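got a predicted model here, sequence first, then my questions.
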Amino acid sequence: MLESENIQGRRIGSLELAEIRELIAENPLWHRRRLSVALAQRWQWYAPSGQLKDMAARTLMLKLHERGLIVLPERRRVPTQRRVGTTPELWDLLPPEPVESSLSCLRPLQIQVVGPKKPDYGVFERYLARHHYLSYRGPIGENIGYLIRSRAGVDLACLLFGAAAWQCAPRDRWIGWSAEQRARGLPFIANNQRFLTDILAINLAMKSHT
């Protein structure tokens, strides 16, 4: 029997567990993604932005499955890692040389919001995939990206922010909040998922101010 505990930001007890089991039993032909969407809709589980939190529901169900508390249907296919911008013609779009300039020559900087429906999103993805030490295989959950350019339109940096991790021991110790406080405050915190910049340009820009 599962004692009531906080999983993925929701209090899960025997009643919630029974509801998930019932959902699975009533829909034996559904795959995991459809079940997670249905569960999030049933629980009215939305982010403050209005986005349905089906990924959180899927992670919750997977944790319960791994603990033997529910039985999820078999995966329909083995998940594959998405490759971003792997064709040679796409790599050629990236500038091959670093930017060497003073800060005064780069300003004012252009800060452009990028997303899947924006025209420069493919370039943004390929920068991260090729040059960031963690690479990049596509966004997960809520996120927002920025492409930073010089006044002449030269690409200088990429920043990607996303929803904060539910638990992060160093962060939570530093803030010093309780589980209840974390549940209320987490929507107001963003996670810096990727930060990529032309280090040479930044170093020269900093020197120009010393």
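Structure received.

neighbours around residue 73, how many?
Around residue 73 sit 15 other residues, with neighbours defined as other Cβ atoms under 10 Å. C-beta coordinates here come from the backbone N, C-alpha and C atoms, glycine included.

what residues are up against it?
24, 28, 30-32, 35 (Cβ atoms under 8 Å, 6 or more residues apart in numbering).

try 10 Å this time
Listed by Cβ atoms under 10 Å, 6 or more residues apart in numbering, the contact set of residue 73 reads 24, 27-32, 34-35, 65.

relative to residue 123, how far out is residue 15?
Residue 15 sits 49 Å away from residue 123, going by Cβ to Cβ, to the nearest Å.

with residue 32 instead?
Distance, residue 32 to residue 123, by Cβ to Cβ: 33 Å.

so for the spatially most central residue of the chain, what's the pLDDT?
By Cα atoms, centre = their mean, the chain has its centre lying nearest to residue 140, at 3.9 Å. At residue 140, the model reports a pLDDT of 70.

domains in this structure, as residue ranges please.
Following automatic domain parsing, one gets these domains for the chain: 5-66, 88-207.

a markdown table for those, including distance to residue 72?
Converted to a markdown table, the domains of the chain look like this (distance: least, Cβ to Cβ, whole Å):
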| stretch | distance to residue 72 |
| --- | --- |
| domain 5-66 | 4 |
| domain 88-207 | 19 |
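
any idea which of these scores lowest on pLDDT?
Looking at those, the bottom one is domain 88-207 with a mean of 78.

and the helix or strand residue 36 falls within, what's buried?
When elements are defined using DSSP states H and E, residue 36 is found to belong to helix 32-42. Neighbour-count burial for helix 32-42, counted by 16 or more other Cβ atoms under 10 Å, picks out 32, 35-40.

wait, which of those is closest to residue 189?
Of all the buried residues of helix 32-42, residue 40 has the smallest distance to residue 189: 21.1 Å, by Cβ to Cβ.
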